[in-house]
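# 3D model of this:
(one chain, ligands or ions: 1)
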Amino acid sequence: MAKIGIFYAPKGGNTEKVAQKVHKHIADSEMFSVPEAGVNEMMQFDYLIMGIATIGKETWDQKIKKSGWDLILPHIDKADFSGKTVAIFGLGDSVTYDLQFVDAIGILGRKLKEKGAELIGFVPTTDYNFRESEAIEGDMFMGLPVDEDFEEEKTDERIAAWTQEITKKMS
Ligand SMILES: Cc1cc2nc3c(=O)[nH]c(=O)nc-3n(C[C@H](O)[C@H](O)[C@H](O)COP(=O)(O)O)c2cc1C
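Got it, this is the predicted structure:
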């Protein structure tokens, strides 16, 4: 079994695209979409990478009420993540949503910390233009923000630097 589990949602958009890029950088990783894979699969890994969008593609599909991480969060609530090391990347839009930029990183990150996980892969805010974000702790993002809407040209470099940093702490 691979050492690092990458869990992401939603499927079919930017989050999946970024998850695939992260996967390519980390040889010893396996990729799963949420909620097809859930907390039981997560428990098989000591090292986890989680990818989430802040109000992603599913929001404008009215037919789907709940999907992706929404369905998994109640199960995370009942789980124990102590002993697990988790790095989060989050898709967002720093221009249109500059007051809620990548909030989901913070929501998921705080929940995982509450459940005992050690979070790694914090990123300085200095490379981003935004006004407010729930993803900030101290002066760092609690994971890697990726803005495919307005800063697509920075994505590959951001992923390369971030995966290099987190894999050092995942061995
Ligand atoms: C209806 C809607 C609401 C959004 N809300 C936010 C938000 O609150 N904060 C943010 O940073 N990005 C927000 N975004 C931007 C998305 O997170 C961004 O486009 C992301 O790349 C979508 O990922 P996906 O293609 O995997 O769904 C929103 C996008 C849409 C369509």
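# for stretch 111-124, measure first residue to last.
Using Cα to Cα, to the nearest Å, one end of stretch 111-124 lies 21 Å from the other.
# helices or strands up against the lowest-mean-pLDDT helix or strand in the chain?
Ranked by mean pLDDT, DSSP states H and E, the weakest helix or strand in the chain is helix 69-77, scoring a mean of 92. Other elements packing on helix 69-77 under the criterion 3 or more Cβ pairs under 8 Å, 6 or more residues apart in numbering; DSSP states H and E are helix 39-42, helix 103-114. For every residue, glycine as well, the C-beta is placed using N, CA and C.
# which regions of this protein sit below the pLDDT cut-off?
Where the chain drops to pLDDT under 70, the residues are 1, 56-67.
# so which bits of it are right by the ligand?
Within the chain, the positions adjacent to the ligand are 10, 13-15, 53-57, 59-60, 91-93, 97, 100-103, 148-149 by Cβ under 6 Å from any ligand atom.
# among those residues, the buried ones, what's the PyMOL command?
Buried members of the residues of the chain next to the ligand can be picked out in PyMOL with the line below, counting by 16 or more other Cβ atoms under 10 Å:
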select buried, resi 10+14+15+53+54+56+57+91+92+93+97+100+101+102+103+148
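# okay, now residue 139: neighbour count?
By the criterion of other Cβ atoms under 10 Å, residue 139 has 9 neighbours.
# oops, could you answer that again for residue 156 instead?
Count around residue 156 with other Cβ under 10 Å applied: 11.
# can you check residue 129 too?
Number of residues near residue 129 (other Cβ under 10 Å) recorded here: 12.
# excluding sequence neighbours, find me the nearest residue to it.
residue 94 (5.9 Å; Cβ to Cβ, 6 or more residues apart in numbering).
# next one: residue 53
Distances taken as Cβ to Cβ, 6+ apart place residue 91 nearest to residue 53, at 4.1 Å, with adjacent residues excluded.
# backbone phi and psi for the one you found, please?
In terms of degrees, to the nearest 10, the main-chain angles of residue 91 are phi -80, psi 140.
# ditto for the one 5 residues further on
Its backbone dihedrals place residue 96 at phi -70, psi -40, with angles given as degrees, to the nearest 10.
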